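# here is my input; please provide its structure:
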Amino acid sequence: MRSRVWGGTAAVVLGCLLATGCGGGAGGGTDTADGSAGKSGDAVSGSYPVSVTDCTGARTTFSAAPKKIVTSNSSSLELLLRLGAADKVAGTGFPPGRGTLPGALDTEARKVKVLSQSVIPKEKLLGSGADLYIDTFASMGGMGGGMGDAPTTEEFKAAGIKHIYLKSTACAAQSRSPVTDLSAVEADITSLGAVTGTSTKAKELVAGMREKVDAVRKAVGGTAESKRPTYFFFDYDAGTKQPTVTCNRQIANAVFALAGVRNVFADCDGDHKQVGWEEVIAKNPDWIQLAVRNRGSEAANKKAFDEAEQWLKSNPATKGLKAVREGHLLRIGSEQTTIAGVENADTVTEIAKSVHPGKVG
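Have a look, this model is predicted:
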């Protein structure tokens with residue numbers, strides 16, 4: 001099975017975000033990452049300090065905007081690029097493949113120094129000259145797992161590097177309840193906006209996401225849960241011998257719920273797990289998402305989608321599935337579904353348009 005380069009790694013969910021709490025919303029008009037009132041717009045006008053908290057409640061305070069940020073992987077990098085903070089990014093691990101980010105974002109991403117094709121080695125990270133490291137891996141003390149030989153709190157401090165996590169990723173995996181909305185993503189955007197002094201742009205991004213999701217909710221929200229079609233996320237790139245399914249602590253579960261479909265593995269507590277094909281067959285989903293990772297070009301993506309579809313149609317174990325027989329196979333990329341970010345809202349709309357035709361414009 002291939003490792004999850006974009007969304008994290010094979011069984012480990014990405015990090016733990018800023019803002020108010022692991023499932024909390026972005027807040028209405030507060031730009032401080034800890035959700036305190038009365039600070040709206042302060043970061044964009046250069047008023048600090050700004051504080052953020054992680055999943056354990058640990059607080060990090062910024063007296064000024066960071067100047068050299070290192071990101072652990074593409075998810076946090078993309079958020080910074082969308083916020084217009086590209087000039088502050090000094091390096092990244094797990095870089096996005098060429099062409100996997102849209103338009104100008106891809107051009108900006110190509111300019112970012114690659115510190116590692118995977119997890120940034122400890123010594124390289126500590127010697128990077130960064131004043132902030134945004135971590136999207138579940139490596140916080142007491143949370144289990146971790147990514148490689150991560151620096152300790154004391155080592156980060158000695159190197160002059162503040163260390164914060166994305167809540168919409170690892171926090172979700174550690175949550176006590178399923179992820180059913182995009183509030184943690186919004187919280188991450190709001191918090192990063194406050195920290196980097198780009199709160200105005202953060203508000204725009206969050207407002208755009210909410211507008212799209214609210215439109216879908218208005219269109220399909222009245223459909224009873226029992227009447228909503230069942231949905232299976234076929235992670236083709238994770239391997240076909242034993243499928244890796246998306247569970248209820250992954251951001252994709254929220255995407256599915258908001259789009260008006262039922263994740264057939266929503267009863268699985270966690271982010272991902274491997275199952276046998278017999279379990280998928282028993283679920284017999286109404287719809288299947290052919291989830292492939294962006295290959296960098298439209299032609300290469302089409303080829304990958306074709307391969308995934310052909311596999312389902314030719315495999316004796318899956319060709320009889322309802323979704324396969326009825327042609328209910330959606331070609332929607334893996335990254336925009338499973339990586340916490342702005343495009344999650346677009347995926348909500350895209351799924352809803354297909355499974356609820358005529359209801360979503």
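# return the distance of Asp106 relative to Gly84.
From Asp106 across to Gly84, the span is 15 Å (C-beta to C-beta, to the nearest Å). C-beta coordinates here come from the backbone N, C-alpha and C atoms, glycine included.
# chain neighbours aside, what residue packs nearest to Cys247?
Once flanking residues are discounted, Cys247 sits nearest to Cys268: 3.6 Å by C-beta to C-beta, 6 or more residues apart in numbering.
# quick one: that neighbour and Thr244 touch, right?
No. Between Cys268 and Thr244 there is no contact under C-beta atoms under 8 Å: 11.1 Å.
# one step back: any idea of the pLDDT on the residue nearest to Cys247?
Cys268 is assigned a predicted lDDT (pLDDT) of 93.
# the longest helix seen in the chain: what's the following helix or strand?
As assigned by DSSP state H, the longest helix anywhere in the chain is helix 199-220. Scanning forward in sequence from helix 199-220 by DSSP states H and E, the next helix or strand is strand 230-235.
# adjacent strands (with direction) for that following strand?
Partners of strand 230-235 in the sheet, by DSSP bridges, are strand 262-263 (parallel), strand 287-291 (parallel).
# what sits up against that strand?
With contact meaning C-beta atoms under 8 Å, 6 or more residues apart in numbering, strand 230-235 is reached by 243-246, 252, 256, 261-265, 272, 280, 283-291, 308, 312, 323, 334, 337-338, 351, 355.
# list buried residues within those residues.
Neighbour-count burial (16 or more other C-beta atoms under 10 Å) applied to those gives 243-246, 252, 256, 261-265, 272, 280, 283, 285-291, 308, 312, 323, 334, 337-338, 351, 355.
# show me the residues you listed that map onto helices.
The helices, defined by DSSP H, take in 252, 256, 280, 283, 308, 312, 323, 337-338, 351, 355 from those.
# nearest to Tyr48, of these?
Thr338 (33.8 Å; C-beta to C-beta).
# wait, what's in contact with that closest one?
7, 233, 246, 250-252, 291.
# and the residue nearest to Gln336 when sequence neighbours are not counted, how far is that from Asn284?
Leaving aside its chain neighbours, Gln336 sits nearest to Glu343 (3.9 Å; criterion: C-beta to C-beta, 6+ apart). Distance, Glu343 to Asn284, using C-beta to C-beta: 29 Å.
# likewise for Val292?
Val292 sits 22 Å away from Asn284, going by C-beta to C-beta.
# cool, and Asn73?
In this view, Asn73 and Asn284 are 35 Å apart by C-beta to C-beta.
# tell me the domain ranges of this structure?
Using automatic domain parsing, the domain parsing of the chain gives 8-210, 223-355.
# with distance to Val216 added, can I get those in a markdown table?
Shown next, in a markdown table, are the domains of the chain (distance: least, C-beta to C-beta, whole Å):
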| stretch | distance to Val216 |
| --- | --- |
| domain 8-210 | 11 |
| domain 223-355 | 5 |
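# weakest of those domains by average pLDDT?
Averaged per stretch, pLDDT over these is lowest on domain 8-210, reaching a mean of 79.
# residue boundaries of the strands in the protein?
Applying DSSP state E to the chain gives strands spanning 8-9, 12-15, 50-53, 59-62, 69-71, 89-92, 132-137, 162-165, 230-235, 244-246, 262-263, 272-274, 287-291, 329-330.
# in JSON lines: the ones you listed, plus distance to Ala304.
Below are those laid out as JSON lines (distance: least, C-beta to C-beta, whole Å):
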{"stretch": "strand 8-9", "distance to Ala304": "20"}
{"stretch": "strand 12-15", "distance to Ala304": "23"}
{"stretch": "strand 50-53", "distance to Ala304": "37"}
{"stretch": "strand 59-62", "distance to Ala304": "40"}
{"stretch": "strand 69-71", "distance to Ala304": "26"}
{"stretch": "strand 89-92", "distance to Ala304": "24"}
{"stretch": "strand 132-137", "distance to Ala304": "24"}
{"stretch": "strand 162-165", "distance to Ala304": "31"}
{"stretch": "strand 230-235", "distance to Ala304": "12"}
{"stretch": "strand 244-246", "distance to Ala304": "16"}
{"stretch": "strand 262-263", "distance to Ala304": "23"}
{"stretch": "strand 272-274", "distance to Ala304": "20"}
{"stretch": "strand 287-291", "distance to Ala304": "9"}
{"stretch": "strand 329-330", "distance to Ala304": "13"}
